[in-house]
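**Q** with the sequence up front, the predicted model follows.
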Amino acid sequence: MTGGVQNIGRIPELQRRILFTFGMLIVYRIGAHIVTPGVNPEVIKAFFAQMGGTVFGIFNLFSGGAMEQLSIFALGIMPYISASIIFQLLTAAVPALERLKQEGEQGRKKITQYTRYATVVLALFQSLLISTALESGQFGAGAVMEPGWGFRLLCMLTLTTGTAFIMWLGEQVTERGIGNGISLVIFSGIVIAIPGALGQLGELVRTEQFTLLRALFLIGFMIVVTGFVVFFERGQRRIPIQHARRVVGKKVTQGGMSYFPLRVNTAGVIPPIFASSILMLPLTIGSFVDAPELQAFIDEWLYFGGFAYNFVYVALIIFFAYFYTAIMIDPVEVADNIKKFGGYIPGIRPGKKTAEYIDRILSRLTLVGGIYVAAVCVLPVLLATWANVTFFFGGTALLIVVGVALDTIGQVESHLVSRQYEGFTSGTRQRGRLGR
């Protein structure tokens, strides 16, 4: 690991990419503190202090705290993520989009362009709803200094432009920096809360609400859970594929063995995002609507940390894990591609039997992955209700942080290994000079 870090300084291009990434993320964090014109940020902060268990709390988490003061980046990158998920679902349902996806690079560029347009439309719609809610007093009295259509249009323009800028910033990081820019934007918004969480833990120890031994045990538990997440995120089932020797004209293609990897957590963080959004919807509606029956139902069955809440949450995560995995991987298509390129799975007949074999393995992996994701996502609820932990640890945030960190480290290591330098996890001791 130490050798890998030292070797970064020997590659100027990698240094520039890393510095560019940090520079763009600093710009994002500065923008997250610029308040939208015409808004009283203190009123918004007071509102979000009471809304941690609703969909607003989720939005605030992914915006890196920008929404709790309604900064110009208040919508964050969520409209782009929503648009991307929508187009992924539509690609599987709409034949025209599916054909576009199969066209290769040009087709993907076209879908990306449509995703950008959809992001702007979603951002305009969401910013209109936010500006209307601000004027109606749902975020607290006095949230808007000068209500009217002038404020609404200014708020829509500001928030939509902020989202478009973040989208552009993320694409620039992906192209000219290191790692996936959109993921790193979300990553930076989550990790920025870590010092505050450690400060809260220190305050609990200082006020004797936590003993020092209990605090150390909690930190050790967090390290173990993080290692557990890293283990599962890197876990995969590799299906062996044997390639037969082929003769094409005068050229002989040698056979060999390759592997088709299936990740344990194929669906990533999509299942908990969908599940939490659905589960938090009645809680959010109940906070705005004066309906005693709905409030009584929420208080009895869907209160944060209750058995019914956790049961429904886990069931939704597992359901969406199967649903999204089925969209992402089609066993029949995979089997056809294996057969098309002259490969086969040892002991399994090509075609239908291969598809059934892949589907059976994928179903088992998805069950394991869904249970793992559900366990990680229920962890913050258990820590809050059983251990009285006042800060957020686990859930979707932990999955995103670990996943993005592993992906970024992998890209840095690829740059190092491609230039004959020792990587972070490489067991070899290859060394070289730049330009070899």
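**A** In hand now; what should we look at?
**Q** what residues sit buried inside the helix or strand containing Ile358?
**A** With elements taken from DSSP states H and E, the one containing Ile358 is helix 352-386. Judged by neighbour count using 16 or more other Cβ atoms under 10 Å, the buried positions of helix 352-386 are 354-355, 357-359, 362, 365-366, 369-370, 372-381, 383-384. The C-beta positions use only the backbone N, C-alpha and C, and glycine is treated the same way.
**Q** right, and the helix or strand after it?
**A** Downstream of helix 352-386, the first helix or strand assigned by DSSP H and E is helix 395-418.
**Q** let's see that following helix as CSV, backbone CA atoms only.
**A** Once non-C-alpha atoms are left out, helix 395-418 reads as follows in CSV (Å, rounded to 0.1, in the frame of the first residue of the first chain):
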residue,chain,number,x,y,z
GLY,A,395,-27.2,2.1,5.2
THR,A,396,-27.0,3.4,1.7
ALA,A,397,-24.4,6.0,2.7
LEU,A,398,-21.9,3.3,3.8
LEU,A,399,-22.5,1.2,0.6
ILE,A,400,-21.9,4.3,-1.6
VAL,A,401,-18.7,5.3,0.3
VAL,A,402,-17.2,1.8,0.2
GLY,A,403,-18.2,1.2,-3.4
VAL,A,404,-16.9,4.5,-4.7
ALA,A,405,-13.6,4.2,-2.7
LEU,A,406,-13.0,0.7,-4.1
ASP,A,407,-13.7,1.9,-7.6
THR,A,408,-11.4,4.9,-7.4
ILE,A,409,-8.6,2.9,-5.8
GLY,A,410,-9.0,0.4,-8.6
GLN,A,411,-8.6,3.1,-11.3
VAL,A,412,-5.5,4.6,-9.5
GLU,A,413,-4.0,1.1,-9.4
SER,A,414,-4.7,0.5,-13.1
HIS,A,415,-2.8,3.7,-13.9
LEU,A,416,0.1,2.5,-11.7
VAL,A,417,0.2,-1.1,-13.1
SER,A,418,-0.1,0.0,-16.7
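**Q** packing partners for it?
**A** If contacts are counted by 3 or more Cβ pairs under 8 Å, 6 or more residues apart in numbering; DSSP states H and E, helix 395-418 sits against helix 2-8, helix 12-31, helix 181-191, helix 212-234, helix 270-288, helix 352-386.
**Q** what helices or strands is the longest one leaning on?
**A** Using 3+ Cβ pairs under 8 Å, 6+ apart as the contact test, the elements touching helix 352-386 are helix 212-234, strand 236-243, strand 256-263, helix 270-288, helix 307-328, helix 331-340, helix 395-418.
**Q** out of these, the one nearest Gly347 is which?
**A** When those are compared by Cβ to Cβ, strand 236-243 sits nearest Gly347, at 9.5 Å.
**Q** neighbouring contacts of that closest one?
**A** 255-264, 338, 341-346, 358, 361, 365 (Cβ atoms under 8 Å, 6 or more residues apart in numbering).
**Q** 10 Å instead, please
**A** With Cβ atoms under 10 Å, 6 or more residues apart in numbering as the test, strand 236-243 has contacts from 253-266, 334, 338, 341-348, 354, 357-358, 361-362, 364-365, 368.
**Q** quickly run through the sheet partners of it, with directions.
**A** Sheet pairing of strand 236-243 (DSSP bridges) gives strand 256-263 (antiparallel), strand 343-344 (antiparallel).
**Q** mind checking how far Gly306 is from Ala321?
**A** According to Cβ to Cβ, to the nearest Å, Gly306 stands 23 Å off from Ala321.
**Q** walk me through the domains of the protein.
**A** Annotated domains of the chain cover 1-193+426-436, 235-391 [automatic domain parsing].
**Q** nearest to Glu203, out of those domains?
**A** For the domains of the chain, proximity to Glu203 was assessed by Cβ to Cβ; domain 235-391 is nearest, at 9.0 Å.
**Q** cheers, nothing more for now.
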